[in-house]
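Student: Just need the structure, nothing else, for what follows:
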Amino acid sequence: MADYRFSAKVIKRSNGQSAVAAAAYRSAERLLDERTGSMSDYSRKAGVIHAEVMTPEGTPDWMHDRAQLWNAVEAAERRKDAQLAREIQLSLPHELDQAQRKALLLDFVQEQFVGKGMIADIAIHAPNAEGDQRNHHAHVMLTMRELTGEGFGKKARDWNSPDQLAQWREQWAHHQNRTLERHGHAARVDHRSFEAQGIDREPTKHLGPTASDMERGGKASRIGNENRAIDSANTERAHNQIEAVRLASHKARFEVWAQEKAVELEAAQDLTKLDLDQKHHQQRQRLEARLKDDYGQAKATIKAELQTIDRRLEAKGVKKVLRDVFGRSRTDKTAREEMAASLRDIQTREDERRQALAAQQDRERGQLHERQEQRQQAQARGIEKARERAQAEHARKSTQKPRERPAKPSPTPPAATPAQTHQRSPEPPVQSSERLSLDDKKRLPDTVLGERGKLEKPWQRASLSNDNKRPWTRERGEGIERKPKSPRGGGHKPK
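Tutor: Numbering: from 1, shown residues only. Alright, predicted model coming up:
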């Protein structure tokens, strides 16, 4: 996002201002104010890249002269609190070069100001050598009266409306974005406020020439201090926003993970259900096979006998009379009832075995459903605990203060006085570590306590004392007696 600035103010006598002096300063020229007789000489001012007076078509030639133009503006105003001119300050995109910035400014001024009947005195300023090198900007002084044949007429009140100012701000953003796009730059500007853009950020204030000079000179200004406070608050706000985005992202990833776990568990449980259904189907098939083996032959025989008896009972005429006389029909009926009862008994036993299997399978399905519900509840509890841990960790990180760097030690410690050099505080008598309390151990000097805070033995204290040098730190030959070498060499003892 490129920098955007469009500020408008009125140059007026009630503030002790002069249109001639303002034009001289912005264009870096030497101009005489004929009304007051004062000379404004800014010809030695550096940093003005381009200055030009732009007028509508048909204006007199003398209005192109800066001195005559603004002296005429001063002469047209009689009141001591008169509004003399309107000044527009514009920031120019630092992404463009000098020629592109100039063309952008001239096009905007011609379309929005000169084309509506105003005279525009423009001045393009380069960044200050000691300031921000991106601060390319322009000053545009505009007349406030309508133009007549040879001078100025009435004040154009519609140029002062807030709607007109809002339109100028919007058009300046459009002109910049169009130019940036035309020259292949990705940067864009937005004329809307941070609040209108939905950005949670407080805008800084414009320093102005006085505060800028103070800040460049190393002096703090009121506006500078306010801007630094605003920057600090914006940094804190941005940090909070980043933390909020990070937390939201973490929550989103956590929810995705939790959803994935739930889907995985559901898929595993569906597979378990499918396996159980296949198992139950195989059990039913095996039961039917066993029932067929156990009762199939008997049922087929009984059914065949029933069919034979039914055919005999269907006899008619003389045959039927003879069967009734000899009692065959009654015998067949009795046999048929017994066989039908046997068949029903077989069917009952088969149904009982089928019902027993179905009850067993129902119990298995119920147990599986209960186990799956318990697993789902356990997973939900685990996910909730993980969520609570993540929230606690985030709260701990958000409230944790940054570590403070330890203060650097003084490079030159204070020298000890002679009394401090020769006097030493008496050490407490050394006692056994078993007899010392914790407070007594804390009061013992470091030379008495070992590295682990325990009371060392006397020979250990001697080895840890700074007065005894380690064997590897001694000078060569120090504290070591060497025997003379043998004249024959080899370290043999002399005979």
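Student: so what's the backbone phi/psi at residue 129?
Tutor: Dihedral angles phi and psi of residue 129 (degrees, to the nearest 10) take the values phi -60, psi -30.
Student: quick one: contacts for it?
Tutor: Not one residue lies near residue 129 by C-beta atoms under 8 Å, 6 or more residues apart in numbering. Using the backbone N, CA and C atoms, a C-beta is placed for each residue, glycine as well.
Student: give me the number of residues near residue 208?
Tutor: Each residue near residue 208 was counted by other C-beta atoms under 10 Å, and the total is 11.
Student: got a list of what the nearest residue to it once chain neighbours are set aside touches?
Tutor: In space, and not counting its chain neighbours, residue 208 is closest to residue 223: 7.0 Å by C-beta to C-beta, 6 or more residues apart in numbering. The contact partners of residue 223, taken as C-beta under 8 Å, 6+ apart, are 205, 206, 207, 208, 211.
Student: again, but for residue 92
Tutor: Neighbours of residue 92 in contact, by C-beta under 8 Å, 6+ apart: 101, 104, 105, 124, 136, 137, 138.
Student: Over to residue 151?
Tutor: 72, 76.
Student: May I have the phi/psi pair for it?
Tutor: phi -170, psi -150.
Student: Could you check how far it is from residue 393?
Tutor: 76 Å (C-beta to C-beta, to the nearest Å).
Student: before we move on, back to that, widest-spaced pair of the contacts of residue 92?
Tutor: Spanning the widest gap among the contacts of residue 92 are 104 and 137, at 12.4 Å by C-beta to C-beta.
Student: Pick out whichever of these two has more residues nearby.
Tutor: Between residue 104 and residue 137, counting by other C-beta under 10 Å, residue 104 is the more crowded of the two (23 against 18).
Student: and the residue nearest to the more buried one when sequence neighbours are not counted, what element?
Tutor: Using C-beta to C-beta, 6+ apart and skipping residues adjacent in sequence, the residue nearest residue 104 is residue 179, 4.8 Å away. Assigned by DSSP states H and E, residue 179 belongs to helix 162-182.
Student: doesn't residue 153 fall inside a strand?
Tutor: Yes: using DSSP: H, G, I helix; E, B strand; the rest coil, the assignment for residue 153 is a strand.
Student: Do I have it right that the residue nearest to residue 104 meets residue 96?
Tutor: Yes: counting by C-beta atoms under 8 Å, residue 179 does reach residue 96; the two are 6.8 Å apart.
Student: so what sits against both of those two?
Tutor: When contacts are counted by C-beta under 8 Å, 6+ apart, the set common to residue 179 and residue 96 consists of residue 104.
Student: Tell me the first helix or strand C-terminal of the lengthiest strand in the chain.
Tutor: For the chain, the strand with the greatest residue count under DSSP state E is strand 83-91. The helix or strand immediately downstream of strand 83-91 is helix 98-112, counting by DSSP H and E.
Student: Run through the neighbouring helices and strands of the next helix or strand after that next one.
Tutor: For helix 98-112, the following helix or strand on the C-terminal side (DSSP H and E) is strand 120-125. Under the contact definition 3 or more C-beta pairs under 8 Å, 6 or more residues apart in numbering; DSSP states H and E, strand 120-125 sits against helix 19-27, strand 48-54, helix 66-76, helix 98-112, strand 137-142.
Student: separation between residue 260 and residue 267?
Tutor: Per C-beta to C-beta, residue 260 is found 10 Å from residue 267.
Student: swap in residue 293?
Tutor: In terms of C-beta to C-beta, residue 293 sits 39 Å off from residue 267.
Student: Now do the domain split for this protein, please.
Tutor: 6-191, 250-395 (automatic domain parsing).
Student: ok, residue 269 - contacts?
Tutor: Here residue 269 is in contact with 372, 375, 376 (C-beta under 8 Å, 6+ apart).
Student: Most neighbours among the residues you listed, which one?
Tutor: residue 372 leads those on contacts (other C-beta under 10 Å) with 17 neighbours.
Student: State the helix or strand in which that one lies.
Tutor: helix 328-399.
Student: One more: residue 128?
Tutor: Applying DSSP H and E, one finds residue 128 in no helix or strand.
Student: separation between it and residue 305?
Tutor: For residue 128 relative to residue 305 (C-beta to C-beta), the value is 123 Å.
Student: I'd guess residue 146 is in a strand, am I close?
Tutor: Yes: under three-state DSSP, residue 146 sits within a strand.
Student: Ramachandran coordinates for residue 126?
Tutor: For residue 126, the backbone dihedrals (degrees, to the nearest 10) come out as phi -90, psi 160.
Student: and the residue nearest to it when sequence neighbours are not counted, how far is that from residue 124?
Tutor: Excluding the flanking residues, the one nearest residue 126 by C-beta to C-beta, 6+ apart is residue 47, at 4.8 Å. According to C-beta to C-beta, residue 47 and residue 124 sit 9 Å apart.
Student: who has more neighbours, these two?
Tutor: Comparing residue 47 with residue 124 by other C-beta under 10 Å, the one with more neighbours is residue 124, at 23 against 12.
Student: Would you agree that one is in contact with residue 105?
Tutor: Yes: counting by C-beta under 8 Å, residue 124 does reach residue 105; the two are 6.6 Å apart.
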